[in-house]
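>>> Curious how this folds, go ahead:
(chains A and B)
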Amino acid sequence: MKHKLKTGGIFALALFLVYLYGCQKEELEIEQSISTKGIPFKVEVPQVESYFVAESSKGKVIDKLFKALGYATRTGGNVTESYETGIGTILTDEILAVQDVFGTKYTFKLDHPEKDFYTFFNLVMVDKVDKTIVQLIKYKMAPEFAVLYRSGQKQLDSFHGTTTSYVLSNPCLCEFPNDGVELDVIPGDYTETPGGGTVSSDSGFGNDPGGSSGGGSGHILEDGEPCGVVVFSVPGYMTTPSGTHLKNFVFTLNTCTGEFDWSTASNRKINKDLNQTETYNENGCCSFGAIGIMDDNESQNNPCKKLKKRLNDTSFTDKVNELNNASNILPPNTRNEIGVLMKDVNPTNTNYNTQFTQFSSPPNTLQITFNLEPNSKFNGFMHNHFFNFGLNWMIGGIPVTQPQPIQNSINMFSDADIFTLWTMLKNNHVQEYDSFLFIMVYQGKMFQLQITNKNSFIDFGNILFINQQSGEYELGETLAHEYKQDMSNITFANSQNLNRDNFAKMLKKHNVALELYESNVLNPKWRKVQVNNNNTIQLVDCN
Amino acid sequence: MKKVIILCFLVNFCNAQFTIVPLEQYGSERKDKYFKDVNNILEDYAGIWRWHDGNGRELFIYLYKQEGVNQKTLGGDAYKRDVIVGYYIYKENNIELLNTRIKLIENFNSISFSVAVGGIGMTPTKPISQHEPTSMFFRDFSRIVCFHDQLKPAMGTACEFVSVSNNLAAVALCTNGLIMNTCGVQEVVPNFPRNIGLGIERISTVAPPLD
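Next up is the predicted model:
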């Protein structure tokens, strides 16, 4: 049953709102005096605030959900990353909370049996202090949108498809006329505008001085809540994985009738003639407001999340430690570079089941030769560098030593490393570019080269690594010049931090479509090596 | 007459693209510059250099000065520079096992992407007497890598050439880094002295003509 309801707009609004704020915690609460019938009127319209529930609070939120769903109480104080339930696996690595005038809503990702390329599921828990409403929401993407979304070319804020809500817990006895009904959601018209917080009012407000949410228009609802029409614009400032967007929404909410309308700054009205809906009705307990939407689409995940998740995999951290041990060996002991191809075999949400294929360099040689099957794809490649000074040389079979090194190691990614990453990507040996691990370990630190844009990185290499005469792949000398002679100053003699910073600056300067992340090997915590616009380096924690 | 005028204009225009700068001033600002060896510092790198291990293995490196090679920065800016290009011959017990001369001859007019098309190349910017390390770019024709049906000499991050005196230098012929293959690696000359420090002596200041 497919019901083309205008309420899809409301739903979309909720989605967009949360997506709008999903990456930041807004704590703006705007007051504005409104003159109505000569009586000063003040209404507080807090903006939507969204954030991920802190680790320390997750247990309480999960317990509340379990109680509402009638599940057995969790055992043990620690929160795990997922819980198997009768409706699927509830993923709790991230719980999105959305706060607005209607209360706090929590969104959980759900690994539902029907989840597939086009479809994903959320559990939404509406916390009404003493009552908890839970809905299962099914998001089914339109085929064209799904392809673009899964390939990272579209974001959820332009969701196109259908949604279906199923009420799982309804202690408020709210009416949900669209329960189980598939609703169309069509992307709205967004206009990028410079933002600035404003709140305005429509005429017809009542004289409720109390500033209760939504204000009032002289009506009093049955439960005693004042009601009215609220019109407010919310300038959204959202940082998405693909960049920054500014958007501006205008909402009109009649809290007496439940009618809701919204438009964008371009003044294109959408979803007129709204009737009371399941999310905005006269029963305060049943007014939900904005809800969060979350998907675990790999292409949408930020690198931090994936890097953090890998750290939970002991087979990965064990391998990192092994590489780190190799990198710590100093002359005159025998040193090796070790390379490890990573292939995740039937990964689950909690276990990558990584298959490691390992290669080693000849002794004291800064080179690893390794084989790839022609059609093979991998989830990552990691290797170590080791310290090498290379003073010793021979003439006529006689060893000679002189002070200038000739075989230097480097504590950062080399030009050959970048060439390798590009070659693997270009030849389809990379399973998923945005989750591909390309890690170098050196003496207590590990670095990740993150591909940020597949096509851009391939284009970069097409110019740099393909011989214009022969069409063959070659590690030309341009990149080496950039490292050593062209002032990027990535050298053997530099400290690791200086090389790290110079390397990140080089990537940014030349738009290489790669980003650098670093972490300690012991007590790992990933940080993005961010180059600011003034060319300074900022280490941004992966929270 | 009209054609001649247009031709002159084009020639002047092309010449005007690059401002001649002494090679020693090579630096980060390279756009539209020609780093020319006006002080002939590259002559001291050119010639024939020999390594031997005293046990039958010999390597001869033939180096030539090549002028006005078109180059590009990582950012895409065009510039020119004078460079050293070359090839090598490897012998064991006086039997020639490897000779990359033909590679240099075949690619001599297309040197730009890589100065090591003949197997060896350098881009020094300082007189040899200063003993400054300079990268010795190397293609290892003793080790052929098969990658998606392309057969290529092993390539990687270069090691350094460091002069000890005007006629003696320490080098390492390296292909450092990660070398992938999908269809095998052929060890053409297993005992080739790759990835180790070599002392090379200049036995001639002039390498034979390339025809």
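>>> Give me the mean pLDDT for stretch A:389-402.
Averaged across stretch A:389-402, the pLDDT comes to 82.
>>> should've said stretch A:174-192
Throughout stretch A:174-192, pLDDT has a mean value of 70.
>>> ok, now stretch B:79-95?
Rounded mean pLDDT across stretch B:79-95 is 97.
>>> what comes up buried for it?
For stretch B:79-95, a neighbour-count test (16 or more other Cβ atoms under 10 Å in any protein chain shown) marks B:79-92 as buried. Heads up, the C-betas are built off the backbone N, CA and C, glycines and all.
>>> Isn't A:His377 up against A:Tyr433?
No, residue A:377 isn't His; it's Lys. No: contact criterion Cβ atoms under 8 Å: A:Lys377 and A:Tyr433 do not qualify, at 10.9 Å.
>>> more crowded one of these two?
Each of A:Lys377 and A:Tyr433 has its neighbours counted (other Cβ atoms under 10 Å in any protein chain shown); A:Tyr433 has more, 20 against 14.
>>> returning to what we had before: and the two most separated of the buried residues of stretch B:79-95?
Greatest spacing in these, by Cβ to Cβ: B:Tyr79 and B:Glu92 (41.1 Å).
>>> and the residue nearest in space to the middle of chain B, what helix or strand is that in?
Centrality entry for chain B: nearest residue to the mean C-alpha point is B:Gly121, 0.9 Å, by Cα atoms, centre = their mean. For B:Gly121, the host element (DSSP states H and E) is strand B:120-122.
>>> helix or strand right after the helix or strand bottoming out on mean pLDDT in chain A?
Scoring the helices and strands of chain A by mean pLDDT, DSSP states H and E places strand A:269-270 at the bottom, with a mean of 30. Downstream of strand A:269-270, the next assigned helix or strand under DSSP H and E is helix A:303-311.
>>> Format the CA atom coordinates belonging to that next one as CSV.
Provided in CSV are the C-alpha atoms of helix A:303-311 (Å, rounded to 0.1, in the frame of the first residue of the first chain):
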residue,chain,number,x,y,z
PRO,A,303,37.0,8.0,8.1
CYS,A,304,37.3,8.5,11.8
LYS,A,305,34.5,6.2,12.5
LYS,A,306,35.9,3.5,10.4
LEU,A,307,39.4,3.9,11.8
LYS,A,308,38.0,3.8,15.3
LYS,A,309,36.0,0.7,14.6
ARG,A,310,39.1,-1.1,13.3
LEU,A,311,40.8,-0.5,16.6
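>>> That one - contacts with which helices or strands?
With contacts taken as 3 or more Cβ pairs under 8 Å, 6 or more residues apart in numbering or on different chains; DSSP states H and E, helix A:303-311 sits against strand A:445-451, strand A:514-520.
>>> Run a quick check on A:Asn453 versus A:Val512, I expect a contact.
No: the criterion here is Cβ under 8 Å, and A:Asn453 misses it with A:Val512 at 9.8 Å.
>>> of those two, who's got more company?
Between A:Asn453 and A:Val512, A:Val512 has the larger neighbour count (other Cβ under 10 Å), namely 22 against 17.
>>> where along chain B do the helices fall?
Taking DSSP state H, the helices of chain B run over residues B:2-16, B:101-107.
>>> Can you give the domain ranges for chain A?
A:2-298, A:301-541 (automatic domain parsing).
>>> Which of those has the lowest mean pLDDT?
Per-stretch mean pLDDT for these is lowest at domain A:2-298 (a mean of 60).
>>> any idea what sits nearest A:Asn324, other than its immediate chain neighbours?
A:Val521 (4.5 Å; Cβ to Cβ, 6 or more residues apart in numbering or on different chains).
>>> residue contacts, B:Pro153?
B:Pro153 sits next to B:Gly119, B:Arg139, B:Asp140, B:Phe141, B:Arg143, B:Ile144, B:Val145 when contact means Cβ atoms under 8 Å, 6 or more residues apart in numbering or on different chains.
>>> Nearest to A:Ile463, out of these: which one, please.
For the contacts of B:Pro153, the nearest to A:Ile463 is B:Arg139 (20.4 Å; Cβ to Cβ).
>>> shouldn't the closest one be in contact with B:Leu104?
No: under the criterion of Cβ under 8 Å, B:Arg139 makes no contact with B:Leu104, lying 10.5 Å away.
>>> Among these two, which residue is more densely surrounded?
B:Arg139 (26 against 23).
>>> For the closest residue to that one other than its chain neighbours, name its beta-bridge partners.
Nearest non-adjacent residue to B:Arg139, counting by Cβ to Cβ, 6+ apart: B:Pro153, 4.1 Å away. Counting by DSSP bridges, B:Pro153 forms beta bridges with B:Ile144.
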